[in-house]
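Student: Provide a 3D model corresponding to the input given below.
(3 chains)
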Amino acid sequence: MTPERRIEELGIELPDFGETGYYGGNFGTMKPFHIEGTVLHLSGHVPWKPEGGLLHPGRLGSAVTIPQGYEAARLTAINALAGARHALGSLSCIRSVIKSLNFVACEPDFTDIHKVSSGLSDLLVEVFGEEIGLGGRATIGVQTLADNICFETWIQFSIRDS
Amino acid sequence: MTPERRIEELGIELPDFGETGYYGGNFGTMKPFHIEGTVLHLSGHVPWKPEGGLLHPGRLGSAVTIPQGYEAARLTAINALAGARHALGSLSCIRSVIKSLNFVACEPDFTDIHKVSSGLSDLLVEVFGEEIGLGGRATIGVQTLADNICFETWIQFSIRDS
Amino acid sequence: MTPERRIEELGIELPDFGETGYYGGNFGTMKPFHIEGTVLHLSGHVPWKPEGGLLHPGRLGSAVTIPQGYEAARLTAINALAGARHALGSLSCIRSVIKSLNFVACEPDFTDIHKVSSGLSDLLVEVFGEEIGLGGRATIGVQTLADNICFETWIQFSIRDS
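Tutor: This is a model prediction of the structure:
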(Lines give C-alpha, C1' and ligand atoms only; values in the text may rest on other atoms or scores of the structure.)
Protein backbone atom coordinates (compact mmCIF):
# COMPACT_ATOMS: atom_id res chain seq x y z
CA MET A 1 0.00 0.00 0.00
CA THR A 2 1.49 3.36 -1.01
CA PRO A 3 1.35 6.28 1.43
CA GLU A 4 -0.76 8.18 -1.11
CA ARG A 5 -3.34 5.36 -1.09
CA ARG A 6 -3.19 5.18 2.69
CA ILE A 7 -3.86 8.93 3.01
CA GLU A 8 -6.96 8.46 0.86
CA GLU A 9 -8.07 5.47 2.89
CA LEU A 10 -7.77 7.49 6.10
CA GLY A 11 -10.02 10.12 4.51
CA ILE A 12 -7.33 12.78 4.78
CA GLU A 13 -7.16 15.55 2.24
CA LEU A 14 -3.72 17.09 2.02
CA PRO A 15 -3.64 20.82 1.28
CA ASP A 16 -1.98 21.68 -2.03
CA PHE A 17 0.72 24.24 -1.21
CA GLY A 18 1.47 24.54 -4.92
CA GLU A 19 -1.93 26.20 -5.21
CA THR A 20 -2.54 27.89 -1.85
CA GLY A 21 1.11 28.54 -0.97
CA TYR A 22 2.81 27.45 2.24
CA TYR A 23 1.28 29.37 5.15
CA GLY A 24 4.71 29.99 6.71
CA GLY A 25 4.89 33.27 4.84
CA ASN A 26 2.39 34.61 7.41
CA PHE A 27 5.11 34.16 10.00
CA GLY A 28 8.06 35.91 8.40
CA THR A 29 10.89 35.63 5.92
CA MET A 30 11.40 31.95 5.10
CA LYS A 31 11.22 29.30 2.43
CA PRO A 32 9.02 26.22 2.95
CA PHE A 33 11.75 23.57 2.62
CA HIS A 34 15.32 22.76 1.68
CA ILE A 35 16.69 19.58 0.13
CA GLU A 36 20.33 18.74 0.89
CA GLY A 37 21.60 15.44 -0.46
CA THR A 38 19.10 12.80 0.65
CA VAL A 39 17.55 14.96 3.37
CA LEU A 40 14.38 17.00 3.11
CA HIS A 41 14.32 19.72 5.76
CA LEU A 42 10.91 21.30 6.31
CA SER A 43 10.44 24.73 7.84
CA GLY A 44 8.25 24.88 10.93
CA HIS A 45 4.82 23.36 10.44
CA VAL A 46 1.84 24.20 12.62
CA PRO A 47 -1.87 23.35 12.98
CA TRP A 48 -2.98 25.67 10.18
CA LYS A 49 -6.52 24.85 9.06
CA PRO A 50 -7.35 24.14 5.41
CA GLU A 51 -9.69 27.13 5.43
CA GLY A 52 -7.00 29.31 7.09
CA GLY A 53 -6.39 30.20 10.73
CA LEU A 54 -5.05 28.14 13.62
CA LEU A 55 -6.58 25.10 15.28
CA HIS A 56 -6.73 25.41 19.07
CA PRO A 57 -4.61 28.51 19.71
CA GLY A 58 -3.34 28.96 23.27
CA ARG A 59 -1.32 27.00 25.78
CA LEU A 60 -1.52 23.47 27.02
CA GLY A 61 -2.37 23.41 30.70
CA SER A 62 -4.85 26.28 30.39
CA ALA A 63 -6.75 27.11 27.15
CA VAL A 64 -5.85 23.88 25.33
CA THR A 65 -6.60 20.34 26.61
CA ILE A 66 -4.45 17.29 25.87
CA PRO A 67 -6.94 15.84 23.34
CA GLN A 68 -7.08 19.22 21.59
CA GLY A 69 -3.28 19.42 21.58
CA TYR A 70 -3.10 15.89 20.18
CA GLU A 71 -5.54 16.90 17.45
CA ALA A 72 -3.45 20.01 16.68
CA ALA A 73 -0.33 17.84 16.41
CA ARG A 74 -2.19 15.50 14.06
CA LEU A 75 -3.21 18.40 11.83
CA THR A 76 0.40 19.59 11.94
CA ALA A 77 1.50 16.18 10.66
CA ILE A 78 -1.00 16.46 7.82
CA ASN A 79 0.45 19.86 6.93
CA ALA A 80 3.99 18.48 7.10
CA LEU A 81 2.97 15.71 4.71
CA ALA A 82 1.50 18.36 2.41
CA GLY A 83 4.84 20.18 2.65
CA ALA A 84 6.72 16.99 1.82
CA ARG A 85 4.49 16.23 -1.15
CA HIS A 86 4.89 19.81 -2.37
CA ALA A 87 8.67 19.45 -2.12
CA LEU A 88 9.00 15.97 -3.60
CA GLY A 89 5.98 15.53 -5.87
CA SER A 90 4.81 12.39 -4.09
CA LEU A 91 4.91 10.89 -0.61
CA SER A 92 6.33 7.74 -2.20
CA CYS A 93 9.66 9.57 -2.49
CA ILE A 94 10.03 9.39 1.29
CA ARG A 95 12.42 6.68 2.41
CA SER A 96 11.80 7.37 6.11
CA VAL A 97 11.13 9.92 8.79
CA ILE A 98 14.50 10.96 10.21
CA LYS A 99 13.39 12.92 13.25
CA SER A 100 11.14 15.66 14.50
CA LEU A 101 11.75 18.27 17.14
CA ASN A 102 8.40 19.32 18.55
CA PHE A 103 7.36 22.43 20.41
CA VAL A 104 4.37 22.62 22.74
CA ALA A 105 3.33 26.01 24.12
CA CYS A 106 2.38 25.33 27.71
CA GLU A 107 2.00 26.47 31.28
CA PRO A 108 4.94 25.99 33.68
CA ASP A 109 3.31 23.04 35.43
CA PHE A 110 2.28 21.13 32.30
CA THR A 111 4.55 18.12 31.89
CA ASP A 112 2.51 15.95 29.50
CA ILE A 113 4.03 17.51 26.39
CA HIS A 114 4.99 14.11 24.97
CA LYS A 115 1.32 13.06 24.92
CA VAL A 116 0.64 16.01 22.66
CA SER A 117 3.35 15.38 20.11
CA SER A 118 2.30 11.75 19.73
CA GLY A 119 -0.58 13.21 17.68
CA LEU A 120 2.05 13.89 15.03
CA SER A 121 4.08 10.68 15.40
CA ASP A 122 1.03 8.43 15.48
CA LEU A 123 -0.28 9.82 12.19
CA LEU A 124 3.09 9.35 10.50
CA VAL A 125 3.08 5.70 11.57
CA GLU A 126 -0.54 5.28 10.39
CA VAL A 127 0.39 6.61 6.96
CA PHE A 128 3.79 5.01 6.38
CA GLY A 129 3.85 2.06 8.79
CA GLU A 130 6.45 1.64 11.55
CA GLU A 131 9.48 0.96 9.40
CA ILE A 132 9.23 4.22 7.45
CA GLY A 133 6.97 6.35 9.63
CA LEU A 134 8.54 5.95 13.05
CA GLY A 135 11.05 8.76 13.47
CA GLY A 136 13.46 9.98 16.10
CA ARG A 137 11.85 12.57 18.33
CA ALA A 138 12.20 15.11 21.08
CA THR A 139 9.55 17.44 22.50
CA ILE A 140 10.02 20.61 24.49
CA GLY A 141 7.52 22.73 26.33
CA VAL A 142 8.06 26.32 25.26
CA GLN A 143 7.01 29.70 26.51
CA THR A 144 5.24 30.77 23.37
CA LEU A 145 4.97 30.22 19.61
CA ALA A 146 4.16 32.73 16.86
CA ASP A 147 0.60 34.14 17.05
CA ASN A 148 -0.28 31.92 20.01
CA ILE A 149 0.11 28.59 18.16
CA CYS A 150 -0.09 25.61 20.55
CA PHE A 151 2.13 23.17 18.60
CA GLU A 152 4.89 23.26 15.99
CA THR A 153 7.15 20.64 14.42
CA TRP A 154 10.62 20.91 12.90
CA ILE A 155 10.90 17.73 10.88
CA GLN A 156 13.33 15.99 8.50
CA PHE A 157 12.68 13.19 6.04
CA SER A 158 15.10 10.89 4.25
CA ILE A 159 14.32 10.74 0.54
CA ARG A 160 14.95 8.03 -2.03
CA ASP A 161 17.91 8.45 -4.34
CA SER A 162 16.00 7.92 -7.56
CA MET B 1 27.68 40.85 -6.83
CA THR B 2 29.52 38.63 -4.33
CA PRO B 3 28.29 38.42 -0.73
CA GLU B 4 31.62 39.87 0.41
CA ARG B 5 31.08 42.94 -1.81
CA ARG B 6 27.48 43.21 -0.62
CA ILE B 7 28.57 43.14 3.04
CA GLU B 8 30.89 46.06 2.30
CA GLU B 9 28.16 47.93 0.44
CA LEU B 10 25.84 47.56 3.43
CA GLY B 11 28.55 49.08 5.62
CA ILE B 12 28.78 45.96 7.75
CA GLU B 13 32.05 44.98 9.34
CA LEU B 14 32.23 41.30 10.18
CA PRO B 15 34.16 40.40 13.32
CA ASP B 16 37.25 38.28 12.67
CA PHE B 17 36.92 35.23 14.92
CA GLY B 18 40.34 34.07 13.73
CA GLU B 19 41.70 37.03 15.66
CA THR B 20 39.26 37.61 18.53
CA GLY B 21 38.08 34.01 18.89
CA TYR B 22 34.45 32.89 18.79
CA TYR B 23 32.66 34.28 21.86
CA GLY B 24 30.85 30.97 22.47
CA GLY B 25 33.67 29.97 24.80
CA ASN B 26 32.14 32.39 27.31
CA PHE B 27 29.14 30.08 27.44
CA GLY B 28 30.74 26.69 28.02
CA THR B 29 32.49 23.75 26.45
CA MET B 30 31.92 23.90 22.68
CA LYS B 31 33.54 24.34 19.29
CA PRO B 32 32.36 27.13 16.99
CA PHE B 33 31.32 24.98 14.03
CA HIS B 34 31.32 21.56 12.40
CA ILE B 35 31.48 20.70 8.71
CA GLU B 36 29.89 17.41 7.66
CA GLY B 37 29.84 16.68 3.95
CA THR B 38 28.31 19.75 2.30
CA VAL B 39 26.77 21.10 5.50
CA LEU B 40 28.23 23.77 7.76
CA HIS B 41 26.69 23.55 11.23
CA LEU B 42 27.27 26.61 13.41
CA SER B 43 27.09 26.55 17.18
CA GLY B 44 24.64 28.95 18.76
CA HIS B 45 25.14 32.56 17.70
CA VAL B 46 23.88 35.50 19.72
CA PRO B 47 23.87 39.33 19.63
CA TRP B 48 27.44 39.65 20.90
CA LYS B 49 28.77 43.17 20.28
CA PRO B 50 32.05 43.75 18.44
CA GLU B 51 33.43 45.45 21.55
CA GLY B 52 32.19 42.57 23.75
CA GLY B 53 29.00 42.17 25.78
CA LEU B 54 25.41 41.53 24.74
CA LEU B 55 23.11 43.79 22.78
CA HIS B 56 19.71 44.26 24.46
CA PRO B 57 19.81 41.64 27.21
CA GLY B 58 16.47 40.69 28.73
CA ARG B 59 13.16 39.33 27.53
CA LEU B 60 10.85 40.36 24.75
CA GLY B 61 7.55 41.57 26.15
CA SER B 62 9.22 43.37 29.05
CA ALA B 63 12.82 44.73 28.95
CA VAL B 64 13.25 44.35 25.18
CA THR B 65 11.00 45.88 22.50
CA ILE B 66 10.29 44.32 19.10
CA PRO B 67 12.55 46.79 17.23
CA GLN B 68 15.34 46.07 19.74
CA GLY B 69 14.81 42.33 19.35
CA TYR B 70 14.86 42.72 15.56
CA GLU B 71 18.15 44.62 15.87
CA ALA B 72 19.58 41.91 18.12
CA ALA B 73 18.58 39.26 15.57
CA ARG B 74 20.26 41.30 12.83
CA LEU B 75 23.49 41.50 14.85
CA THR B 76 23.19 37.76 15.44
CA ALA B 77 23.04 37.23 11.67
CA ILE B 78 26.19 39.34 11.29
CA ASN B 79 27.93 37.16 13.86
CA ALA B 80 26.72 34.00 12.14
CA LEU B 81 28.17 35.31 8.87
CA ALA B 82 31.44 35.98 10.70
CA GLY B 83 31.29 32.40 11.95
CA ALA B 84 30.68 31.10 8.43
CA ARG B 85 33.54 33.14 7.00
CA HIS B 86 35.81 31.92 9.78
CA ALA B 87 34.84 28.32 8.98
CA LEU B 88 34.98 28.56 5.19
CA GLY B 89 37.43 31.35 4.42
CA SER B 90 34.91 33.30 2.36
CA LEU B 91 31.15 33.84 2.22
CA SER B 92 31.33 32.92 -1.47
CA CYS B 93 31.68 29.28 -0.39
CA ILE B 94 28.05 29.34 0.77
CA ARG B 95 25.70 27.66 -1.68
CA SER B 96 22.62 28.48 0.36
CA VAL B 97 21.11 28.90 3.78
CA ILE B 98 19.58 25.55 4.75
CA LYS B 99 17.61 26.54 7.83
CA SER B 100 17.74 28.32 11.14
CA LEU B 101 16.08 27.47 14.41
CA ASN B 102 15.67 30.67 16.39
CA PHE B 103 15.17 31.24 20.07
CA VAL B 104 13.56 34.36 21.55
CA ALA B 105 13.61 34.82 25.33
CA CYS B 106 10.19 36.25 26.12
CA GLU B 107 7.34 36.75 28.52
CA PRO B 108 4.48 34.21 28.51
CA ASP B 109 2.11 36.57 26.68
CA PHE B 110 4.54 37.64 23.96
CA THR B 111 3.52 35.97 20.68
CA ASP B 112 5.35 38.16 18.13
CA ILE B 113 8.50 36.07 18.23
CA HIS B 114 8.51 35.65 14.43
CA LYS B 115 8.81 39.42 13.99
CA VAL B 116 12.01 39.28 16.00
CA SER B 117 13.72 36.52 14.08
CA SER B 118 13.02 38.23 10.77
CA GLY B 119 15.88 40.54 11.79
CA LEU B 120 18.13 37.59 11.07
CA SER B 121 16.37 36.28 7.96
CA ASP B 122 16.04 39.72 6.37
CA LEU B 123 19.78 40.37 6.65
CA LEU B 124 20.64 37.02 5.10
CA VAL B 125 18.40 37.86 2.13
CA GLU B 126 19.94 41.35 1.87
CA VAL B 127 23.43 39.85 1.71
CA PHE B 128 22.87 36.79 -0.50
CA GLY B 129 19.63 37.56 -2.35
CA GLU B 130 16.49 35.39 -2.13
CA GLU B 131 17.78 32.35 -3.98
CA ILE B 132 20.73 31.76 -1.66
CA GLY B 133 19.81 33.75 1.44
CA LEU B 134 16.23 32.63 2.07
CA GLY B 135 16.38 29.67 4.43
CA GLY B 136 13.97 27.35 6.13
CA ARG B 137 13.02 28.61 9.57
CA ALA B 138 11.28 28.05 12.86
CA THR B 139 11.18 30.29 15.91
CA ILE B 140 10.34 29.42 19.47
CA GLY B 141 9.76 31.62 22.48
CA VAL B 142 11.88 30.29 25.30
CA GLN B 143 12.02 30.76 29.03
CA THR B 144 15.59 31.97 29.15
CA LEU B 145 18.94 31.96 27.32
CA ALA B 146 22.47 31.99 28.75
CA ASP B 147 23.34 35.18 30.64
CA ASN B 148 19.98 36.77 29.81
CA ILE B 149 20.53 36.87 26.02
CA CYS B 150 17.34 37.90 24.18
CA PHE B 151 17.95 36.01 20.90
CA GLU B 152 19.94 33.06 19.59
CA THR B 153 20.16 31.21 16.29
CA TRP B 154 21.09 27.62 15.46
CA ILE B 155 21.84 27.79 11.76
CA GLN B 156 23.05 25.52 8.94
CA PHE B 157 24.50 26.47 5.57
CA SER B 158 24.99 24.38 2.44
CA ILE B 159 28.51 24.81 1.08
CA ARG B 160 29.86 24.48 -2.45
CA ASP B 161 31.63 21.26 -3.35
CA SER B 162 34.76 22.88 -4.69
CA MET C 1 43.31 5.02 24.13
CA THR C 2 39.96 3.94 22.71
CA PRO C 3 36.75 5.57 24.00
CA GLU C 4 35.63 2.14 25.24
CA ARG C 5 38.81 1.84 27.34
CA ARG C 6 38.38 5.40 28.55
CA ILE C 7 34.79 4.72 29.67
CA GLU C 8 36.08 1.82 31.72
CA GLU C 9 38.88 3.90 33.18
CA LEU C 10 36.37 6.53 34.27
CA GLY C 11 34.41 3.81 36.05
CA ILE C 12 31.34 4.43 33.92
CA GLU C 13 29.00 1.59 33.12
CA LEU C 14 26.96 2.24 29.99
CA PRO C 15 23.43 0.85 30.01
CA ASP C 16 22.82 -1.80 27.36
CA PHE C 17 19.75 -0.65 25.42
CA GLY C 18 19.90 -3.87 23.42
CA GLU C 19 18.89 -5.59 26.61
CA THR C 20 16.82 -3.05 28.56
CA GLY C 21 15.47 -1.15 25.56
CA TYR C 22 15.77 2.60 25.03
CA TYR C 23 13.67 4.38 27.71
CA GLY C 24 12.28 6.86 25.13
CA GLY C 25 9.35 4.55 24.63
CA ASN C 26 8.08 5.79 28.00
CA PHE C 27 7.68 9.17 26.37
CA GLY C 28 5.73 8.36 23.23
CA THR C 29 5.92 7.09 19.69
CA MET C 30 9.55 7.25 18.56
CA LYS C 31 12.57 5.24 17.49
CA PRO C 32 15.84 5.60 19.41
CA PHE C 33 18.04 6.76 16.50
CA HIS C 34 18.37 7.25 12.77
CA ILE C 35 21.49 6.91 10.63
CA GLU C 36 21.60 9.01 7.45
CA GLY C 37 24.81 8.85 5.45
CA THR C 38 27.62 9.56 7.91
CA VAL C 39 25.36 11.10 10.54
CA LEU C 40 23.93 9.37 13.60
CA HIS C 41 20.89 11.26 14.88
CA LEU C 42 19.81 10.30 18.39
CA SER C 43 16.33 10.87 19.73
CA GLY C 44 16.07 12.95 22.88
CA HIS C 45 18.19 11.64 25.74
CA VAL C 46 17.52 12.47 29.38
CA PRO C 47 18.90 11.71 32.86
CA TRP C 48 17.25 8.31 33.09
CA LYS C 49 18.80 6.25 35.88
CA PRO C 50 20.18 2.74 35.28
CA GLU C 51 17.64 1.38 37.76
CA GLY C 52 14.83 3.37 36.08
CA GLY C 53 13.31 6.77 36.91
CA LEU C 54 14.65 10.28 36.51
CA LEU C 55 17.62 11.88 38.22
CA HIS C 56 16.76 15.27 39.77
CA PRO C 57 13.32 15.95 38.35
CA GLY C 58 12.13 19.57 38.51
CA ARG C 59 13.32 22.94 37.33
CA LEU C 60 16.62 24.73 37.62
CA GLY C 61 16.29 27.83 39.73
CA SER C 62 13.93 26.13 42.20
CA ALA C 63 13.90 22.36 42.88
CA VAL C 64 17.18 21.63 41.07
CA THR C 65 20.55 23.25 41.88
CA ILE C 66 23.30 23.92 39.31
CA PRO C 67 25.50 21.03 40.56
CA GLN C 68 22.48 18.71 40.40
CA GLY C 69 21.67 19.94 36.89
CA TYR C 70 25.29 19.42 35.87
CA GLU C 71 25.13 15.88 37.23
CA ALA C 72 21.87 15.25 35.33
CA ALA C 73 23.51 16.50 32.13
CA ARG C 74 26.45 14.16 32.76
CA LEU C 75 24.12 11.19 33.20
CA THR C 76 22.36 12.28 30.01
CA ALA C 77 25.70 12.15 28.17
CA ILE C 78 26.26 8.63 29.50
CA ASN C 79 22.84 7.63 28.17
CA ALA C 80 23.58 9.26 24.81
CA LEU C 81 26.81 7.24 24.63
CA ALA C 82 24.81 4.12 25.41
CA GLY C 83 22.47 5.11 22.59
CA ALA C 84 25.39 5.61 20.22
CA ARG C 85 26.94 2.26 21.14
CA HIS C 86 23.57 0.58 20.69
CA ALA C 87 23.25 2.16 17.23
CA LEU C 88 26.83 1.59 16.06
CA GLY C 89 28.09 -1.42 18.00
CA SER C 90 31.08 0.45 19.40
CA LEU C 91 32.00 3.98 20.42
CA SER C 92 35.08 3.63 18.21
CA CYS C 93 32.79 4.11 15.20
CA ILE C 94 32.33 7.75 16.21
CA ARG C 95 34.41 10.13 14.13
CA SER C 96 33.29 13.18 16.10
CA VAL C 97 30.51 14.91 17.96
CA ILE C 98 28.73 17.16 15.46
CA LYS C 99 26.54 19.18 17.77
CA SER C 100 24.06 19.03 20.59
CA LEU C 101 21.01 21.15 21.23
CA ASN C 102 20.32 21.11 24.95
CA PHE C 103 17.17 21.85 26.91
CA VAL C 104 17.13 22.95 30.53
CA ALA C 105 13.77 23.18 32.32
CA CYS C 106 14.08 26.31 34.43
CA GLU C 107 12.49 29.22 36.20
CA PRO C 108 12.11 32.52 34.29
CA ASP C 109 14.97 34.19 36.14
CA PHE C 110 17.48 31.33 35.78
CA THR C 111 20.11 32.32 33.22
CA ASP C 112 22.92 29.87 34.04
CA ILE C 113 21.61 27.21 31.66
CA HIS C 114 24.98 26.91 29.91
CA LYS C 115 26.61 25.83 33.19
CA VAL C 116 24.19 22.92 33.30
CA SER C 117 24.76 21.62 29.80
CA SER C 118 28.51 21.64 30.28
CA GLY C 119 27.87 18.50 32.36
CA LEU C 120 27.18 16.81 29.03
CA SER C 121 29.93 18.47 26.98
CA ASP C 122 32.61 17.96 29.59
CA LEU C 123 31.95 14.22 29.76
CA LEU C 124 32.12 13.89 25.98
CA VAL C 125 35.51 15.60 26.01
CA GLU C 126 36.68 13.38 28.89
CA VAL C 127 35.77 10.27 26.93
CA PHE C 128 36.86 11.20 23.40
CA GLY C 129 39.36 14.03 23.92
CA GLU C 130 38.94 17.51 22.47
CA GLU C 131 39.43 16.69 18.82
CA ILE C 132 36.59 14.18 18.67
CA GLY C 133 34.56 14.99 21.76
CA LEU C 134 34.18 18.75 21.50
CA GLY C 135 30.96 19.43 19.60
CA GLY C 136 28.99 22.42 18.45
CA ARG C 137 26.38 23.42 20.99
CA ALA C 138 23.44 25.56 21.94
CA THR C 139 21.37 25.51 25.12
CA ILE C 140 17.91 26.86 25.73
CA GLY C 141 15.98 27.28 28.92
CA VAL C 142 12.55 25.77 28.39
CA GLN C 143 9.23 25.89 30.16
CA THR C 144 8.95 22.18 30.77
CA LEU C 145 10.08 18.75 29.60
CA ALA C 146 8.19 15.44 29.61
CA ASP C 147 7.37 14.16 33.11
CA ASN C 148 9.23 17.02 34.78
CA ILE C 149 12.69 16.10 33.41
CA CYS C 150 15.27 18.82 34.16
CA PHE C 151 17.58 18.27 31.15
CA GLU C 152 17.44 16.78 27.67
CA THR C 153 19.85 16.63 24.74
CA TRP C 154 19.27 16.34 21.00
CA ILE C 155 22.63 15.23 19.69
CA GLN C 156 24.28 14.19 16.42
CA PHE C 157 27.48 12.26 15.85
CA SER C 158 29.59 11.89 12.73
CA ILE C 159 30.44 8.25 12.09
CA ARG C 160 33.36 6.63 10.30
CA ASP C 161 32.80 5.45 6.74
CA SER C 162 34.09 1.93 7.29
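Student: Every contact and neighbour count from this point should use C-alpha atoms.
Tutor: OK.
Student: Confidence-wise, which helix or strand of chain A is lowest on average?
Tutor: Ranked by mean pLDDT, DSSP states H and E, the weakest helix or strand in chain A is helix A:17-20, scoring a mean of 90.
Student: residues of that helix that come out buried?
Tutor: Buried positions in helix A:17-20, judged by neighbour count with 16 or more other Cα atoms under 10 Å in any protein chain shown: residue A:17.
Student: what about the longest strand along chain A, near chain C?
Tutor: Identified as the longest strand of chain A according to DSSP state E is strand A:94-105. Yes: residues of strand A:94-105 are located near chain C by Cα under 8 Å from any Cα of the partner chain, namely A:98, A:99.
Student: After the least confident helix or strand of chain A, which helix or strand is next?
Tutor: Using DSSP states H and E, the helix or strand that follows helix A:17-20 in sequence is strand A:33-36.
Student: What lies in contact with that following strand?
Tutor: A:40, A:41, A:42, A:43, A:83, A:87, B:98, B:99, B:135, B:136, B:158 (Cα atoms under 8 Å, 6 or more residues apart in numbering or on different chains).
Student: can you check stretch A:55-70 too?
Tutor: Outside stretch A:55-70, the residues that reach it (Cα under 8 Å, 6+ apart) are A:47-49, A:72, A:104-107, A:109-110, A:112, A:115-120, A:144, A:148-151.
Student: Tell me where the model's unsure across chain A.
Tutor: Within chain A, the stretches with pLDDT under 70 are A:162.
Student: Show me what from it comes close to chain B.
Tutor: A:27-34, A:36, A:41-44, A:103, A:142-148, A:154.
Student: Who's the closest spatial neighbour of residue A:87, skipping the chain neighbours?
Tutor: residue A:33 (7.0 Å; Cα to Cα, 6 or more residues apart in numbering or on different chains).
Student: ok, now how distant is that neighbour from chain C?
Tutor: Computed with Cα to the nearest Cα, to the nearest Å, the distance linking residue A:33 and chain C is 18 Å.
Student: Provide the partner residues of that residue in its beta bridges.
Tutor: On the basis of DSSP bridges, residue A:33 is bridged to residue A:42.
Student: Give the burial count for it, as a bare number.
Tutor: By other Cα atoms under 10 Å in any protein chain shown, the residues close to residue A:33 number 22.
Student: and residue A:26, how many residues sit next to it?
Tutor: That count, for residue A:26 with other Cα under 10 Å as the rule, works out to 11.
Student: pull the longest helix from chain A.
Tutor: helix A:66-88 (DSSP state H).
Student: Compute the distance from the centre of that one to the centre of its chain.
Tutor: Averaging C-alpha positions (Cα atoms, centre = their mean, to the nearest Å) puts helix A:66-88 3 Å from its chain's average.
Student: is it true that residue A:114 lies in a strand?
Tutor: No: under the criterion used here (DSSP: H, G, I helix; E, B strand; the rest coil), residue A:114 is helix, not part of a strand.
Student: of the contacts of stretch A:55-70, buried ones?
Tutor: Looks like those have A:47-48, A:72, A:104-107, A:110, A:112, A:115-120, A:144, A:148-151 buried, using 16+ other Cα under 10 Å.
Student: hang on, isn't residue A:101 packed against residue A:151?
Tutor: No: using Cα atoms under 8 Å, residue A:101 is not in contact with residue A:151, being 10.9 Å away.
Student: check contacts around residue A:121.
Tutor: A:77, A:133, A:134, A:135, C:29, C:30 are the contacts of residue A:121 under Cα under 8 Å, 6+ apart.
Student: One more pass at 10 Å, please.
Tutor: Each residue near residue A:121 by Cα atoms under 10 Å, 6 or more residues apart in numbering or on different chains is listed here: A:73-74, A:77, A:97, A:99-100, A:133-137, C:28-30.
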